[in-house]
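Enquirer: need a structure here:
(2 chains)
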Number of protein chains: 2
Amino acid sequence: MTLDSTAGTLALLRGLRAVRQLRPDPLPEDALRNILEVARWSGSAGNRQPWEFVVVRDRDMLRRLSMIEGANAGHLATSGAGIAIVIHPEVPDLDAYDEGRLAERILLAATAQGLGAAVGHFTGPGDTWAASGEAKRLLGIPVEFVLRETISLGYPAARLERTPNPPGRKTLEQLVHLEHY
Amino acid sequence: MTLDSTAGTLALLRGLRAVRQLRPDPLPEDALRNILEVARWSGSAGNRQPWEFVVVRDRDMLRRLSMIEGANAGHLATSGAGIAIVIHPEVPDLDAYDEGRLAERILLAATAQGLGAAVGHFTGPGDTWAASGEAKRLLGIPVEFVLRETISLGYPAARLERTPNPPGRKTLEQLVHLEHY
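Expert: Below is the predicted model of the structure:
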């Protein structure tokens, strides 16, 4: 990469924030396709690729998903599209680790294209929230699969005023040890 | 971002691969610092930031860690530096998910700067490998913390000849459902 694009990528990586105020306008097809391609190439332990994606653009379905009691995905209602991450469960720790890698890439691929993105949560540890079951029922996802999250995508509703260094993050001095803990 | 840097970032996201053939040359201080800053700003559930990092550059320690029986981190031996990810355990699923997000960012921040990076594994699900205990002992990490992985960083040992589309990945048609599973 050139120096400029390296700096831009590092800024993107450092600055990634959830954007929950989204406009319901449709996403460009190529932007959505780029996001799905990035998702497709995400790494997973043993190249298991233990996932499938349900792309939801139907406004009624987005609204119904957003209103499921006990979920935390209100921003789906005004998103341009949502991606439900369907996991084929094998090894819970490993599945969750790989899903984290995947989700991070999707958020970055959206943000790199000027879109906003935010994770909507449908379950907690061990797939234990009833909200997940209700979302699986609405989307026709087999009950034996895990649906931890949807990712809301859309144009940001307002110009993003990013605080470069929002409070609450630990310092490098608190986080980093040299050579030895 | 400009169109060029957007395309570059998408290519980076799509093309990220582990690089296990590394040179032991020291890393530039600013490259390492950029990686640690990206790590520091990684998102986590409830902003818990349940991690600390041990940066290892001592060649003898890198070699000893790389040779721990039962681990899978041979590439640490010739890396320029390794970062051990220390997790303060709270909720296993959530910890693993957030660690996946973090690891992906570290790999991307290294790759964006022309470095190679690969994950070395010290434990499986539930922190069950003896290799993790031995690595914690060597690094002085309290036994109650989780050490799943180190990340090897370094200049690639050979010019990277990337296959743009290595075999074995599922197609979008296999992965994506529209509106409904």
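Enquirer: Break down chain A into its strands, ranges please.
Expert: For chain A, applying DSSP state E gives strands covering A:22-23, A:51-56, A:81-87, A:116-121, A:146-156, A:176-178.
Enquirer: Same list, those, but as a markdown table with distance to residue B:99 please.
Expert: From N, CA and C alone the C-beta is placed, and that goes for glycine too. Shown next, in a markdown table, are the strands of chain A (distance: least, CB to CB, whole Å):
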| stretch | distance to residue B:99 |
| --- | --- |
| strand A:22-23 | 28 |
| strand A:51-56 | 18 |
| strand A:81-87 | 16 |
| strand A:116-121 | 16 |
| strand A:146-156 | 15 |
| strand A:176-178 | 16 |
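Enquirer: Highest mean neighbour count out of the ones you listed?
Expert: Mean neighbour counts were compared across those using mean count of other CB atoms under 10 Å in any protein chain shown; the top stretch is strand A:146-156, at a mean of 25.
Enquirer: From the contact counts, what lies against that strand?
Expert: Applying 3 or more CB pairs under 8 Å, 6 or more residues apart in numbering or on different chains; DSSP states H and E, one finds that strand A:146-156 contacts strand A:22-23, strand A:81-87, helix A:92-112, strand A:116-121, helix A:130-139.
Enquirer: Let me know the pLDDT of the residue lying closest to residue A:80 once chain neighbours are set aside.
Expert: Computed as CB to CB, 6 or more residues apart in numbering or on different chains, the closest residue to residue A:80 that is not its neighbour in sequence is residue A:154, at 3.8 Å. If you check residue A:154, the pLDDT there is 98.
Enquirer: Contact partners for residue A:154?
Expert: A:22-25, A:27, A:78-81, A:115-117 (CB atoms under 8 Å, 6 or more residues apart in numbering or on different chains).
Enquirer: now with 10 Å?
Expert: Residue A:154 makes contact with A:19-27, A:75-76, A:78-82, A:110, A:115-118, according to CB atoms under 10 Å, 6 or more residues apart in numbering or on different chains.
Enquirer: for residue A:65, same thing?
Expert: Residues near residue A:65 by CB under 10 Å, 6+ apart: A:56, A:58, A:71, A:73-74, A:76-77, A:79, A:82, A:84, A:120, A:122, A:131, A:134-135, A:138-139, A:150, A:152.
Enquirer: Repeat the analysis, applying 7 Å as the threshold.
Expert: By CB atoms under 7 Å, 6 or more residues apart in numbering or on different chains, the contact set of residue A:65 is A:56, A:73, A:76, A:82, A:135, A:138, A:150.
Enquirer: hang on, isn't residue A:32 packed against residue A:81?
Expert: Yes. Assessed by CB atoms under 7 Å, residue A:32 is found in contact with residue A:81 at 6.4 Å.
Enquirer: how many neighbours does the spatially closest residue to residue A:13 that is not a sequence neighbour have?
Expert: Spatial nearest neighbour of residue A:13, excluding adjacent residues (CB to CB, 6+ apart): residue B:38 at 4.6 Å. Residues lying near residue B:38 (other CB atoms under 10 Å in any protein chain shown) number 24.
Enquirer: Quick check: the gap between residue B:38 and residue A:74.
Expert: 29 Å (CB to CB, to the nearest Å).
Enquirer: Which pLDDT value goes with residue A:163?
Expert: 62.
Enquirer: contacting residues around residue A:172?
Expert: Residue A:172 touches B:36, B:40, counting by CB under 7 Å, 6+ apart.
Enquirer: What residue in chain A comes nearest to chain B?
Expert: Going by CB to the nearest CB, chain B is nearest to residue A:100 of chain A, at 2.7 Å.
Enquirer: which regions of chain A lie under the pLDDT threshold?
Expert: Residues of chain A that meet the criterion pLDDT under 70 lie in A:1-3, A:125-127, A:160-165.
Enquirer: what about 80?
Expert: A:1-4, A:124-128, A:159-167 (pLDDT under 80).
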